[in-house]
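> following is a predicted model, sequence given first.
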Amino acid sequence: MLSVGFILSIIAVGIWTYLLLFRGFFWREAPHAAPERAPETWPDVVVVTPARNEADVVGQSMAALLAQDYPGVIHVVLVDDDSTDGTAEAAERAERHFTRVVREGEAPEDVPEAVLPADGPVHLPALLVEHLAIGSTSEARRLISQGAVRVNGEVVSELDLPADALDGALVQAGKRRFMRFRAA
């Protein structure tokens, strides 16, 4: 009489034989991309965020939610569960900051300041990397060439600027990075 182990091994071999020989080499097929079809109208999205005593991070969370690149309408609702640390106020500050900086294109109310190097002209890409957290001087040059860097609201195209032109100037890189510079 045949043992149970032998019968199970025959079944396993049969299954693998079927998969390998009769399924049309399924493992060789490349995945098929879904057709690109955008809906005519995007549905409204409501994001409900519960929070309790989250004042230290709620501003970042709300800013990230408000900055989503969604073609429809996004409503962000913060449910403050009786916080005692000012969570609601921090969320309101984040909303005001987002509206002012991103939607209206203005500078934030509290712009950090940095000291300019003391010697000669300032190499703007190096300044952007050092003070505005741009990843590299190559990325900074790309931002400058694309018109994404402004000094006092004016687009900058030069890589080297005189230090006196940057003294007291508000420098903006992209939509959300700001710094005010002072002479040493």
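Received, thanks.

> let me see the ranges of the strands in the chain.
Taking DSSP state E to define them, one finds strands in the chain at 45-51, 74-80, 113-115, 122-123, 149-151, 154-155, 160-161, 170-173, 177-182.

> for P31, find the nearest of these.
The closest of those to P31 is strand 45-51. By Cβ to Cβ, the value is 27.8 Å. Every C-beta, even on glycine, is put in place using the N, C-alpha and C of the backbone.

> what pLDDT, on average, does the closest one get?
Mean pLDDT, computed over strand 45-51, is 90.

> roughly how far is it from the heart of the chain?
Here the centre of strand 45-51 is set off from its chain's centre by 19 Å, with Cα atoms, centre = their mean, to the nearest Å.

> in that strand, which residues are buried?
Within strand 45-51, the residues that count as buried by 16 or more other Cβ atoms under 10 Å are A51.

> OK, contacts around Q172?
By Cβ atoms under 8 Å, 6 or more residues apart in numbering, the residues touching Q172 are A107, V149, R150, V151, G153, F178.

> can you tell me the closest non-neighbouring residue to the third one?
This means R150. Leaving aside its sequence neighbours, R150 sits nearest to Q172 (Cβ to Cβ, 6 or more residues apart in numbering; 4.5 Å).

> quickly list what the one you found is bridged to.
Going by DSSP bridges, Q172 is paired in beta bridges with R150, F178.

> between the strands of the chain, which one is closest to A94.
strand 74-80 (9.5 Å).

> the closest one pairs with which strands, parallel or anti?
When DSSP bridges is applied, strand 74-80 pairs with strand 45-51 (parallel).

> same list (the strands of the chain) but as CSV, adding distance to M62.
Shown next, in CSV, are the strands of the chain (distance: least, Cβ to Cβ, whole Å):
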stretch, distance to M62
strand 45-51, 8
strand 74-80, 6
strand 113-115, 26
strand 122-123, 35
strand 149-151, 26
strand 154-155, 30
strand 160-161, 35
strand 170-173, 22
strand 177-182, 19
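
> how far away is A63 from E92?
12 Å (Cβ to Cβ, to the nearest Å).

> could you do S83 as well?
Counting by Cβ to Cβ - S83 and E92 are separated by 12 Å.

> coming back round to it: of the contacts of Q172, just the buried ones, PyMOL syntax please.
For the buried members of those, the matching PyMOL selection, counting by 16+ other Cβ under 10 Å, is:
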select buried, resi 149+150+151+178
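
> among the contacts of Q172, which pair sits farthest apart?
Farthest pair in the contacts of Q172 (Cβ to Cβ) is A107 and V149. Separation: 14.0 Å.

> rewinding a little: in JSON lines, list the contacts of Q172 along with distance to F22 and pLDDT.
Below are the contacts of Q172 laid out as JSON lines (distance: Cβ to Cβ, whole Å; pLDDT from 0 to 100):
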{"residue": "A107", "distance to F22": "68", "pLDDT": "78"}
{"residue": "V149", "distance to F22": "62", "pLDDT": "91"}
{"residue": "R150", "distance to F22": "65", "pLDDT": "90"}
{"residue": "V151", "distance to F22": "69", "pLDDT": "90"}
{"residue": "G153", "distance to F22": "69", "pLDDT": "86"}
{"residue": "F178", "distance to F22": "65", "pLDDT": "87"}
